[in-house]
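# What would the 3D arrangement of this be:
(one chain, ligands or ions: 1)
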Amino acid sequence: MKQKLPANLLFLKVTAKKLEDQPHQIIYLGKPDGPTCHTGSETCYFTSIGDLFKEQEVEETNLALTTLYSLEATISKRELELAGKHGKRSWTKRLLLDENLLSSKIREEADELCRMLEEKEDSSCTASEMADVIYHAMVLLRHKDVKIENVLEVLGEDSLNRV
Ligand SMILES: N=c1c2ncn([C@@H]3O[C@H](COP(=O)(O)OP(=O)(O)OP(=O)(O)O)[C@@H](O)[C@H]3O)c2ncn1[C@@H]1O[C@H](COP(=O)(O)O)[C@@H](O)[C@H]1O
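Numbering: from 1, shown residues only. Predicted structure coming up:
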């Protein structure tokens, strides 16, 4: 069987196959007779490996942002829950209610991060130490009514100014 592609008069040789154990299913196999793309190119896979790496970078950035925004939303939710009488115990709520505790935790976590560097520990704990710093600092942001977006904007401006 030959099937004409409407826009560009290119052809695919199509064969149909039935699977023995799946009598109600048909698999069509298309074998191009000449180029398969309307541009006349052999394929439509125009994306280079380099572009794929860039896409991966974008995906990683999106994941990082989604995580930060989601953490921000959780912290805001805990703040709203403080208004209710009964709610489950939450470390975030404790921090939001106690500025001294919040400050001392941020200092403690930042100190742990620095000590890890000074004492030349291997890097296996770096991510979790940094996560502790970020989380506690983000509770402070909420307490001061500052959005993570504002922080990211400042970081973006700084990096542009330094190019
Ligand atoms: N990221 C955190 C987070 N990191 C640490 N902690 C808590 O912070 C407290 C102190 O943390 P530490 O790391 O200092 O714990 P530690 O036992 O002193 O251990 P060391 O550091 O001394 O080894 C513990 O009760 C931890 O559970 C956190 N509590 C909450 N979050 C985030 O906040 C969200 C809401 O949490 P709740 O408010 O508890 O519902 C969670 O889903 C998380 O995303």
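
# This protein: helices as residue ranges?
49-81, 91-97, 99-118, 126-143, 148-161 (DSSP state H).

# wait, which of these is closest to L12?
With distances scored as CB to CB, the stretch of the helices of the chain nearest to L12 is helix 49-81 (26.3 Å). (C-beta placed from N, C-alpha, C; glycine too.)

# What helices and strands are in contact with that closest one?
In terms of contacts (3 or more CB pairs under 8 Å, 6 or more residues apart in numbering; DSSP states H and E), helix 49-81 is packed against helix 91-97, helix 126-143, helix 148-161.

# Pull the distance from the longest one to the chain's centre.
On the basis of CA atoms, centre = their mean, to the nearest Å, helix 126-143 sits 18 Å off its chain's mean C-alpha point.

# Can you verify my assumption that M138 contacts E72?
Yes: between M138 and E72 a contact is recorded at 6.3 Å, counting by CB atoms under 8 Å.

# Mutual contacts of those two, please.
Contact criterion CB atoms under 8 Å, 6 or more residues apart in numbering; residues shared by M138 and E72: I148.

# okay, and the helix or strand of this structure with the least pLDDT?
Each helix and strand of the chain was given a mean pLDDT (mean pLDDT, DSSP states H and E); the minimum falls on strand 2-4 at a mean of 52.

# can you put the helices of the chain in a markdown table and add mean pLDDT, distance to the ligand and mean neighbour count?
Putting the helices of the chain into a markdown table (pLDDT from 0 to 100; distance: least, CB to the nearest ligand atom, whole Å; neighbours: other CB atoms under 10 Å) gives the following:
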| stretch | mean pLDDT | distance to the ligand | mean neighbour count |
| --- | --- | --- | --- |
| helix 49-81 | 85 | 5 | 12 |
| helix 91-97 | 97 | 3 | 17 |
| helix 99-118 | 97 | 6 | 14 |
| helix 126-143 | 96 | 4 | 16 |
| helix 148-161 | 83 | 14 | 11 |
